[in-house]
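> structure of the sequence below:
(one chain, ligands or ions: 2)
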Amino acid sequence: MSLTFSATDTTVAGSHKNSSSTVHGAYGFRLTGVGQRLERHELSPLEPGPDQVVVKVAGCGVCHTDIGYAFDGVPMRHTLPLVLGHEIVGRVVAAGGRVVHWQGQTVIVPAVIPCGECPACKAGRATICRKQFMPGNDGDGGFATHVVVPGRGLCHVPDKLPGGITLAALSVVADAVTTPFEAIRRAQLGSEDIAVFTGAGGIGGFGVQIAAAFGAAVVAIDIDRERLDLAAQHGASLTLDASQMNEKDLKSAVRSFVKQSGRSGIGLKIFETSGTTAGQATAFGLLDHGGYLAVVGYSPKPLEIRLSNLMAFDATARGNWGCPPEQYPAALSLVLDGKVVLEPYVEEHSLGEAAEVLEAVHQHAIRRRAILVPPHN
Ligand SMILES: [Zn+2]
Ligand SMILES: [Zn+2]
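Ligands and ions are numbered 1, 2, ... in the order given. Predicted coordinates for the structure are as follows:
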């Protein structure tokens with residue numbers, strides 16, 4: 001089907017210039033039920049509301065959470081069927097009357113877009129906004145040619161990108177880069193700190209690089225040799241293969257690294273980025289006096305731990321759900337400045353293969369972060 005585009009240029013209530021236009025011929029890949037294959041679906045004509053924009057998708061990353069929704073029955077806020085995908089980059093091709101300034105801009109759509117007006121938002125806790133919008137969870141998402149999203153909190157992307165960075169690859173900034181970025185920022189990580197990552201896959205691989213960019217000495221723990229090798233090339237000073245070491249060995253290897261590092265930071269800063277109970281157990285087991293545990297990965301499974309370790313070690317544990325939109329430009333700068341490389345961690349596939357790609361990610365046949373790219377790019 002060809003894409004048609006009917007622009008209207010009218011004045012609303014004599015004040016706001018409305019450059020909104022209706023996008024016809026858009027389609028997306030919907031989840032119809034848990035365990036069902038994604039289905040291509042022709043979307044009704046997309047017309048932005050006064051506070052919304054229509055983004056022509058340049059790329060949408062496939063997240064661990066999408067696999068949870070599609071295969072494991074992780075609850076979604078919107079009823080099925082729904083187009084999945086919350087790691088979106090693209091160009092605003094239609095904008096509502098109150099958000100016309102976005103028209104024509106290339107943007108990253110934050111995975112979580114807060115309302116900006118509720119008590120949580122006003123208190124600077126935008127990520128817990130109960131009126132937040134997450135594409136592919138609260139409404140149709142980015143496994144599509146186009147998506148309608150709120151016209152606020154979007155992150156402007158410069159037209160000219162540095163060599164080696166594709167626009168589609170920047171989709172992963174929407175979640176896989178910004179979520180660990182926010183966890184690292186909240187941990188107030190600095191150059192005297194040691195950062196430990198349990199899990200060096202998608203989110204962990206970017207977390208390792210961000211932590212190194214913040215000046216910390218970084219330890220990466222994983223059960224996958226390839227991921228550890230990549231982490232060693234991009235930010236990790238020490239890599240530990242948890243498939244070959246028990247918890248005690250890991251702990252003493254980290255301790256001797258701390259001693260040798262000469263860093264004066266008090267307490268390890270540990271980032272759980274595996275989203276597995278094994279990784280969570282390792283991360284919790286590494287907590288020591290004054291330690292800090294950031295829970296970044298998600299697992300629906302429970303884990304038995306001795307919570308009183310937090311008390312005994314005077315330690316802190318903290319989670320974070322996404323990243324506030326105002327932090328996106330700083331996270332994007334790390335990528336554009338070459339401090340966080342995306343290329344070895346991502347691979348692009350055509351949107352038409354959405355169902356197969358999701359299945360392959362589920363089966364671990366695709367190891368890098370998959371990005372779905374619509375054909376018009
Ligand atoms: Zn995600
Ligand atoms: Zn809010």
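> next SSE after the longest helix along the chain?
Assignment by DSSP state H gives helix 247-261 as the longest helix of the chain. Remark: after helix 247-261, the chain's next helix or strand is strand 269-272, criterion DSSP states H and E.
> look at the residue nearest to I266 when sequence neighbours are not counted and say how many residues are nearby.
Spatial nearest neighbour of I266, excluding adjacent residues (Cβ to Cβ, 6 or more residues apart in numbering): G290 at 4.7 Å. Every residue, glycine included, has its C-beta placed from N, CA and C. Neighbour count of G290, defined by other Cβ atoms under 10 Å: 14.
> hmm, A312 and G290 touching each other?
No. Between G290 and A312 there is no contact under Cβ atoms under 8 Å: 11.6 Å.
> what sits against the residue nearest to I266?
Listed by Cβ atoms under 8 Å, 6 or more residues apart in numbering, the contact set of G290 reads 266-267, 313-315.
> need the pLDDT of it.
We have a pLDDT of 97 for G290.
> and if you look at the one 10 residues further on?
Per-residue confidence (pLDDT) for P300: 85.
> for the closest residue to P180 other than its chain neighbours, grab the count of nearby residues.
In this structure, P180 finds its nearest non-sequential neighbour in G207, 3.5 Å apart by Cβ to Cβ, 6+ apart. By the criterion of other Cβ under 10 Å, G207 has 33 neighbours.
> with V157 instead?
Applying other Cβ under 10 Å, we find 21 residues neighbouring V157.
> and E192, how far from S264?
Going from E192 to S264 by Cβ to Cβ, to the nearest Å gives 5 Å.
> higher neighbour count, these two?
More neighbours surround E192 than the other of E192 and S264, with 14 against 8 (other Cβ under 10 Å).
> which strand or helix spans that one?
Counting by DSSP H and E, E192 is found in no helix or strand.
> repeat for the one 4 residues further on
For V196, the host element (DSSP H and E) is strand 194-198.
> what lines up beside that strand in the sheet?
strand 217-222 (parallel), strand 269-272 (parallel) (DSSP bridges).
> buried residues, it. List them.
Buried residues in strand 194-198, defined by neighbour count with 16 or more other Cβ atoms under 10 Å: 194-198.
> what count of nearby residues applies to H289?
11.
> can you give me the helices in the stretch 251-377 of the chain?
277-286, 308-312, 328-336, 354-362 (DSSP state H, counting those that start in this stretch).
> dump those helices into TSV; add distance to ligand 1 as well.
Converted to TSV, the helices of the stretch 251-377 of the chain look like this (distance: least, Cβ to the ion, whole Å):
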stretch	distance to ligand 1
helix 277-286	17
helix 308-312	27
helix 328-336	14
helix 354-362	12
